[in-house]
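S.K.: no FASTA, just this:
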């Protein structure tokens, strides 16, 4: 047998092995399996290399075991036992029950949150709360820039640490790489701030051997004195977002909460912090933390990621759509839904529910923009009202249903948020809070251009083919 025959056999066995792996891998939808099989077959060697780098969502067996052990031993904050009394006849109870299954964090009653006006007010309010902190400050951001707002936060945590407040801060190893490499990071450490890099890449060659290299901590977490917390899409950055300034301003949404929901957010921070090998934060969590009497808002935190229930965030989105009787309004910067979410968006519009989707007109990811637009024709045909925001990059991730329930957080409606990123969202029920968020959504809609079936029909054949190609390969990106 010649060397050529041996190489051919080895080539065949190698491809068959990786195709088998793509077929065998659990928690993968058929579109993803097919995309990877085609990539392995059609791209010699490159398809296999791509699968090794990006084909699986594992963070590493050891890390996964450690995180599960941490979650098992952490005290559950108030609401962990699902003791909140959901009326079984209440159509809006289903999303809260679905969300509880993710982290075993149940619904709690809280005072009404404050909706921040914009990115600058959000950071200013965070800084003010840090300045007033007397016990602890815990923060984690996917993107922390060395710009005006980013440095306001640096100085606030430095001052808090210098006056004796326990300050712990995490930043994602990729999203905040410039901050982590800067002297500002070292200045925080010298002031006594305990720092860590979430999902640090380290040696990329060694990292590939044990886990997928592009898993990211996309969470935005702020907890002050175990009693105040912030939720939303806002990073520690200016709206001008100088690293991608041509898409600015970046339009975000952030809410300030008090009450027992802050401890639920603390639970997510504690699990992330301890997973990096740091001190046990279980003492910050109390199952006996009382709810304020007659608090008007029902709120519930959910944290998702590749170590937790598969497609959990998508399931909560779908559950919210199922409850809708009159209206659904969605904003997201990155829209590449899985099959179940896409089917439910179309279905809710077809059964007569007013369904509105607002996306950015100019997206910082051309791949995502093209993939998103491949869905336009089907959604418009079903009766979905589509808008493209034209005054910057609409980065807010919001969902309101019937003016009754709302969801905000870090998770986009795309496969990366569903499968790869660690995310944090909050589900709320309160008409006044939902009305405030809905009013903000209407402001964004007013600054948007409606997309009509005629607009899509006028796209050229080449553009439609490219959009459809991008959505076909999106499961492997």
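M.R.: That came through fine. Nothing here was measured: the structure is a model prediction, and the numbers come from that model.
S.K.: please count neighbours and contacts with C-alpha atoms only from this point.
M.R.: OK.
S.K.: can you give me the helices in the stretch 101-250 of the chain?
M.R.: 119-131, 148-162, 177-181, 183-190, 204-210 (DSSP state H, counting those that start in this stretch).
S.K.: nearest to residue 451, out of the ones you listed?
M.R.: helix 119-131 (27.5 Å; C-alpha to C-alpha).
S.K.: now do the closest one against helix 148-162, angle only.
M.R.: Using axes from the mean of the first three to the mean of the last three C-alpha atoms, to 10 degrees, one finds that helix 119-131 and helix 148-162 are set 0 degrees apart in direction.
S.K.: which residues touch helix 119-131?
M.R.: 116, 137, 149, 152-153, 156-157, 159-160, 222, 224, 230, 234, 236-239, 251-255 (C-alpha atoms under 8 Å, 6 or more residues apart in numbering).
S.K.: turn the helices of the stretch 101-250 of the chain into TSV, columns for mean pLDDT.
M.R.: TSV is the format used below for the helices of the stretch 101-250 of the chain (pLDDT from 0 to 100):
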stretch	mean pLDDT
helix 119-131	97
helix 148-162	98
helix 177-181	96
helix 183-190	98
helix 204-210	54
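S.K.: for residue 411, which of those helices is the nearest?
M.R.: When these are compared for distance to residue 411 using C-alpha to C-alpha, the nearest one is helix 119-131, at 17.7 Å.
S.K.: residues of that closest one that come out buried?
M.R.: Residues of helix 119-131 classed as buried by neighbour count (16 or more other C-alpha atoms under 10 Å): 119-120, 122-123, 126-127, 129-131.
S.K.: that older thread, just the buried residues out of the contacts of helix 119-131, in PyMOL syntax.
M.R.: The following PyMOL line selects those of the contacts of helix 119-131 that are buried, judged by 16+ other C-alpha under 10 Å:
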select buried, resi 116+137+149+152+153+156+157+159+160+222+224+230+234+236+237+238+239+251+252+253+254+255
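S.K.: ok, the residue nearest the centre of the chain - contacts?
M.R.: The residue lying closest to the centre of the chain (C-alpha atoms, centre = their mean) is residue 411, at 2.4 Å. Residue 411 makes contacts with 218, 313, 397, 417-418, 423-425, as judged by C-alpha under 8 Å, 6+ apart.
S.K.: now with 7 Å, please.
M.R.: Applying C-alpha atoms under 7 Å, 6 or more residues apart in numbering to residue 411 gives the contacts 397, 417, 423-425.
S.K.: follow-up on the earlier one: any chance of the helices of the stretch 101-250 of the chain in TSV, with distance to residue 269 too?
M.R.: As requested, the helices of the stretch 101-250 of the chain are arranged in TSV below (distance: least, C-alpha to C-alpha, whole Å):
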stretch	distance to residue 269
helix 119-131	16
helix 148-162	16
helix 177-181	19
helix 183-190	19
helix 204-210	24
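S.K.: looking at those, which is closest to residue 293?
M.R.: Of the helices of the stretch 101-250 of the chain, nearest to residue 293 by C-alpha to C-alpha is helix 119-131, at 23.5 Å.
S.K.: please compute how far that closest one lies from its chain's middle.
M.R.: Distance of helix 119-131 from the chain centroid (C-alpha atoms, centre = their mean, to the nearest Å) equals 21 Å.
S.K.: one more: stretch 367-383?
M.R.: Stretch 367-383 sits 21 Å away from the centroid of its parent chain (C-alpha atoms, centre = their mean).
S.K.: with stretch 148-155 instead?
M.R.: 23 Å.
S.K.: ok, stretch 306-315 next?
M.R.: 11 Å.
S.K.: now do stretch 398-410
M.R.: For stretch 398-410, the distance to the chain centre is 14 Å (C-alpha atoms, centre = their mean).
S.K.: now do stretch 321-337
M.R.: With C-alpha atoms, centre = their mean, you get 15 Å for stretch 321-337.
S.K.: pull up the distance across it, start to finish.
M.R.: Stretch 321-337 stretches 14 Å from its first residue to its last (C-alpha to C-alpha, to the nearest Å).
S.K.: now that stretch: buried residues?
M.R.: 321-324, 327-337.
S.K.: ditto for stretch 246-263
M.R.: Buried-residue list, stretch 246-263, by 16+ other C-alpha under 10 Å: 247-263.
S.K.: tally of neighbours for residue 292?
M.R.: Residues contacting residue 292 under the criterion other C-alpha atoms under 10 Å number 14.
S.K.: OK, contacts around it?
M.R.: Counting by C-alpha under 7 Å, 6+ apart, residue 292 touches residue 110.
S.K.: what are the phi and psi angles of it?
M.R.: phi -60, psi 140 (degrees, to the nearest 10).
S.K.: what's the spacing between it and residue 398?
M.R.: Residue 292 is 26 Å from residue 398, by C-alpha to C-alpha.
S.K.: swap in residue 390?
M.R.: Distance from residue 390 to residue 398, counting by C-alpha to C-alpha: 18 Å.
S.K.: what about the two, which has more around it?
M.R.: residue 398 (26 against 17).
S.K.: the closest residue to that one other than its chain neighbours bridge partners, please.
M.R.: Counting by C-alpha to C-alpha, 6 or more residues apart in numbering, the nearest residue to residue 398 once its immediate chain neighbours are dropped is residue 408, at 4.7 Å. Listed beta-bridge partners, residue 408: residue 398, residue 426 (assigned using DSSP bridges).
S.K.: noted, bye for now.
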